[in-house]
Each structure stands twice: as structure tokens, then as C-alpha cells.
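Trainee: Take this sequence and fold it.
(chains A, B and C)
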Amino acid sequence: MPDEPQTDGRRTADRDFEVDLDDVLEDDEGDEGLFDDLLSGEPIFENKEVLRPSYTPHELPHRKDQINNMATILVAALRGETPSNILIYGKTGTGKTASAKFVSQELEKTSQKYDVPCEVEYINCEVTDTQYRVLAQLANTFIEQNRGFVDDRVEELQDLRNEAESDPGALAAGDADFDSVDAVDDRIEALLQEKSEMEDVPMTGWPTDRVYTRFFEAVDYVERVAVIMLDEIDKLVEKSGDDTLYNLSRMNSELENSRVSIIGISNDLKFTDFLDPRVKSSLGEEEIVFPPYDANQLRDILQHRSDVAFKADALSEDVIPLCAAFAAQEHGDARRALDLLRTAGELAERDQAEGVTEEHVRRAQDKIELDRVVEVVRTLPTQSKLVLYAILLLEDNGVHNVNTGEVYNIYKTLCDELDADVLTQRRVTDLISELDMLGIVNAVVVSKGRYGRTKEISLSVPVDETEAVLEADSRLSDIENVTPFVQARFDN
DNA sequence: CATCCACAGGAACTTGGGGGCA
DNA sequence: TGCCCCCAAGTTCCTGTGGATG
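Mentor: As a prediction, this is how the structure comes out:
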């Protein structure tokens, strides 16, 4: 195992963020075991899962209108018609995804009840962010399903065949007319042959149009209505244009057996501006807007979930209003509110407190922010880390609102000393913009008249923590030894 | 009022690494 | 093996520009 030391290093680092083992060990006196202490405290949570973002609730307060609206549109699928395409708008944490998933679950449930072939495929375009990958993923899920259909059909035919061997009359009673047992065998063989041709689309390697064809065939293999749900659709358009959407939206005119319908979910209200007008009109047949929650609505949601999540009386009175207020400031983000509540609970649990207090919420607020920053910085690519370190050094030396040129100069010396590749300034400006979008730095374009136009960059995270995280990176391990060389530059 | 700085940021291209297929 | 594809990261070349200054 050549990478053993690295793994070890990561484990130690993780430990500090996950559970504070040192604290536990210090308290470990007498013959009590390691976990006894932790267990002895009155538990605060009843069911923590319902506070996690992955949990899809059965009831979404203050979203009845939107849900009914979606249902009205999608009910067409149950009648075997093509539902209109839907575009859903709303900022993060406004319940778009949860509502859409809820509706699709109900849709699939009902479709099974009435035996109407109708499926919903969910794709998160932030993860699956190119045309190729979207098509490949869709193709593979449908291919998988089709194999299932073939298996079912083959089984059916085999039963029929077995029955027919003892009672020739059974053939006529079957749903398809076979005049002999051999005919049934032939059919089975043909089906198995078809199945063997249903290979998965590889993750990479094929031309995109071939993937498209494969996907097309897979959808059209049986009669059905396929609802394709594209979450964070703006990310897809931003990265790889509207070809995917164009292809998907014109599919219906060529499909013979099945119909497809698209549900696009977007954070960005204006993303249709970049679309081809044809795509825009077809995709936006129906539009549903999810407005941000206000503090009162957030309070309802939190109340709702905390009844299930916490033990009775575990929350002091002002906890929920405070969480709601904090989250309402962040454009009414319910996910954030739930996170806050959960983290506050975890902090209280770790303190072995009786219940969650206002104080825990405030600490949770800080912890979430710091955790986010630490995680983002830790997972940054090396080059971005170098750029960030350059900004950090400038800040350390009392230079605030630095501009691109200064950063680039420091970055260059840093790379020289570390023996790393030096990127062009063009690339570094992009990296700075990325850091800006991640909220690690704040970069504003300003014009200094005669002295040019540049970005004014300032750090928007705590210096010490960030520095610690950067120095923990093995690839930058020499950085501390290098700093003096860079420091020397400031003397000039 | 024109000039001109110091970049911003778009477009097209290259490189190298993932893979398929005959 | 050679030729095809896709993709991320990076490079080259480029045009655009807000406003202090001469």
C-alpha cells in the first residue's frame, strides 16, 4: 500500500472534525468504558434522520399550491397522455426538490395502482453535468428496466410453455397466439437475443449521438410515459449548452410507443435567457415558482419536523424562532434552518446538556460556516490552494484589497520555491473568480482610472483556520519553509 | 476631452487521460 | 495497435473598458 501514510494523515485530520475523541478520553476516569459517558446523558434526539437534507417529508407545509399545480399537470401521464413540460424556479432550500420528489413518488405509486406504465427518472445536473453523462445515465436506467421487462415476459412464456406441454389448449388461451410449443420457444429465444443486445452505455468513449440513439431505443422499447426530472438544470445549460434539452424536447415527435416529459428545476430565474427559443418555449410550457419561505413559515416547518426529531421538551422555547430567523436572513433557506437545528442539537448532545438552548443555536451557526469553509478549502485543487495562499500571505502582511497583479506575483514566487507548475495570469484570474464564487474571497472589479482596471480581492474567511487547513495539505507541506522567501519580496 | 493603464473575460485551441472499437 | 470519442484543465490570442490624469 504505497499511499498508506496519506490515508493515515486524513484519518487523523477527520477525527478532529467528527468527534472530539480527546475530550472523551480526558473525561474517561474510573472503570467506565469509552462510550458509557456518552450514553449516560439524556438523549436529545428521537429521530435525527428527519432533519437531514436527504429526507423527503410526507408533508410539505406552505407548498400545497405548488404541489397541486404539479399534480394537475402530471395527471395527464396517468391517462397515458404526454404531460406538459414543467419548469420549476426557486432559490436553494425553498422545497423545490422535495416537492418534486414527493409528487413523483405519488405519481409512481398511483401509476402502479392503476397499472399505467409511467416512470420518473431523477437526475441531478450538478453531478451529471454534461450531455453525454445525462444521456448515458438515462439510457442505462431504461436499459436496466427493459431487461427486467424481458425477464418477466420470458418467465411468463416459459410458464405458458410448460402448461402447454400438458395441455395444448393453453396456447390458445394465452394473450398472444402461438400455434405450437416451438413457436413459444422461438419467441423466448428471440427475446433473450434482444436482451443480450441491451448492453449498458459505457461511462465514456462513445460518440454522443450513439448514446442518444441507444437512449432513444431504450425509452421506446415499451409503451410508457417517462418523466425526466432534471434538478439544477441551470448548471447543465451553463456547462454544456442547450443541446441536451433540445434533443430531449424534440424526442416526442419521433417516439412511437412512449412519451417523454421533462421537469426542469432551476435555482436561477433567468437561465432560460440563454436557451434556444424553441427549447425555451417547449420546456417552459408550465412554470411554477417557489418563493422563499419567510420566518413564520420556516418556524412551521421546523416545528413540524422537530416534533418527530426531538424528545419532548428537549428544545427551549426560543430555539425554533431563532433558527427560523437566522435562516430567513439567508434568503429563506429551509435546508439551512434544518441544518442549524440539527447541529444545535448535536452540540447540545455533546455538551450532555438537558436540552437545546439559544446558545447552542448561535454556536451551531458559527460551526456550520466554519465547517463549510474548512471543507471547501481542504478539497480545493492544488493550484487554487496556491492562489489562496498567496492572497493569505498578502493579507498577513497587512495588504488589504489586493489586486490580481500582486496576487499573481506572489503566486509565481510561491510556485518557483515549491517547484510547482506556474499557470498563466489568465488562468489565475479564473481561479480567483472560482474562489470568489465559493465565498472564500471577495473579488470586485474596480477601475482605478489611469492605474487600470483590476479585481480588488479580500479574504472573507478567518485567516488562521484557513492557513492551518492549507498547511495540512501534503503537497504544500514545504510551504512554511518557503514563506520566508516570499516574505523577502515584501521588503523590496 | 482624449488617453491609456492593467487588467477582465470571451473564443478557440492544446494537452493528456479517461475510454471504445476493428 | 491505431484511430475514434469525451472531458477537464490550461494556454494563446484577443477585444473591451471605467475613470483618473495630463
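Trainee: Could I have the CA atoms of the host helix or strand of residue A:470 written out in PDB?
Mentor: Using DSSP states H and E, residue A:470 maps to helix A:463-471. Written as PDB, here are the backbone C-alpha positions of helix A:463-471 (Å, rounded to 0.1, in the frame of the first residue of the first chain):
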ATOM      1  CA  VAL A 463      -7.100  33.800   8.300                       C
ATOM      2  CA  ASP A 464      -5.800  31.400  10.900                       C
ATOM      3  CA  GLU A 465      -8.100  28.500  10.300                       C
ATOM      4  CA  THR A 466      -7.700  28.800   6.500                       C
ATOM      5  CA  GLU A 467      -3.900  28.800   6.900                       C
ATOM      6  CA  ALA A 468      -4.000  25.700   9.000                       C
ATOM      7  CA  VAL A 469      -6.100  23.800   6.500                       C
ATOM      8  CA  LEU A 470      -3.800  24.800   3.600                       C
ATOM      9  CA  GLU A 471      -0.700  23.800   5.500                       C
END
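Trainee: Find the closest residue to DNA strand C in the stretch 351-492 of chain A.
Mentor: Nearest residue of the stretch 351-492 of chain A to DNA strand C, counting by C-beta to the nearest atom of the strand: residue A:449, 1.9 Å away. Bear in mind the C-beta positions are built from the backbone N, C-alpha and C, glycine included.
Trainee: neighbours around that residue, how many?
Mentor: Look at residue A:449: counted by other C-beta atoms under 10 Å, it has 7 neighbours.
Trainee: Contacts only, for residue A:78.
Mentor: A:107, A:110, A:111, A:114, A:116, A:118 (C-beta atoms under 8 Å, 6 or more residues apart in numbering).
Trainee: The same query, at a cut-off of 6 Å, please.
Mentor: A:111, A:116 (C-beta atoms under 6 Å, 6 or more residues apart in numbering).
Trainee: Any residue of the lengthiest helix in chain A touching DNA strand C?
Mentor: Ranked by residue count, the top helix of chain A under DSSP state H comes out as helix A:131-166. Yes - looking at helix A:131-166 against DNA strand C by C-beta under 7 Å from any atom of the strand, the contacts come from A:131, A:132, A:133.
Trainee: helices or strands next to that helix in the packing?
Mentor: If contacts are counted by 3 or more C-beta pairs under 6 Å, 6 or more residues apart in numbering; DSSP states H and E, helix A:131-166 sits against helix A:170-173, helix A:181-196, helix A:208-220, helix A:243-250.
Trainee: so what are the domain limits for chain A?
Mentor: Chain A breaks down by automatic domain parsing into domains covering A:16-45+A:294-376, A:64-290, A:380-491.
Trainee: got the ones you listed as TSV, with mean pLDDT and distance to residue A:57 columns?
Mentor: Below are these laid out as TSV (pLDDT from 0 to 100; distance: least, C-beta to C-beta, whole Å):
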stretch	mean pLDDT	distance to residue A:57
domain A:16-45+A:294-376	80	7
domain A:64-290	88	7
domain A:380-491	88	28
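Trainee: Which among those domains is found nearest to DNA strand B?
Mentor: domain A:380-491 (1.7 Å).
Trainee: Can you tell me how far residue A:219 is from DNA strand C?
Mentor: Separation of residue A:219 from DNA strand C (C-beta to the nearest atom of the strand, to the nearest Å): 19 Å.
Trainee: That residue and residue A:143 touch, don't they?
Mentor: No - Residue A:219 lies out of contact with residue A:143 (C-beta atoms under 6 Å); the separation is 9.8 Å.
Trainee: Compare these two (neighbour count), which wins?
Mentor: residue A:219 (25 against 21).
Trainee: list the contacts for the more buried one?
Mentor: For residue A:219, the contacting residues are A:142, A:226, A:258, by C-beta under 6 Å, 6+ apart.
Trainee: who in chain A is up against DNA strand C?
Mentor: Proximity of chain A to DNA strand C, by C-beta under 7 Å from any atom of the strand, involves residues A:129-133, A:204-209, A:239-240, A:381, A:383, A:421-424, A:426-427, A:430-431, A:447-450, A:452-453.
Trainee: Among those residues, name the buried ones.
Mentor: Taking 16 or more other C-beta atoms under 10 Å as the criterion, what is buried in those is A:129, A:130, A:131, A:132, A:133, A:206, A:240, A:383, A:422, A:423, A:431.
Trainee: overlap between those residues and the residues near DNA strand B?
Mentor: Near DNA strand B, by the rule C-beta under 7 Å from any atom of the strand, you find residue A:206 out of those.
Trainee: can you tell me which two in the buried ones among the residues of chain A next to DNA strand C are farthest apart?
Mentor: Spanning the widest gap among these are A:206 and A:422, at 36.7 Å by C-beta to C-beta.
Trainee: The stretch 301-450 of chain A: helices as residue ranges?
Mentor: Counting by DSSP state H, counting those that start in this stretch, the stretch 301-450 of chain A has these helices, from start to end: A:319-329, A:334-351, A:358-378, A:382-396, A:404-418, A:425-437.
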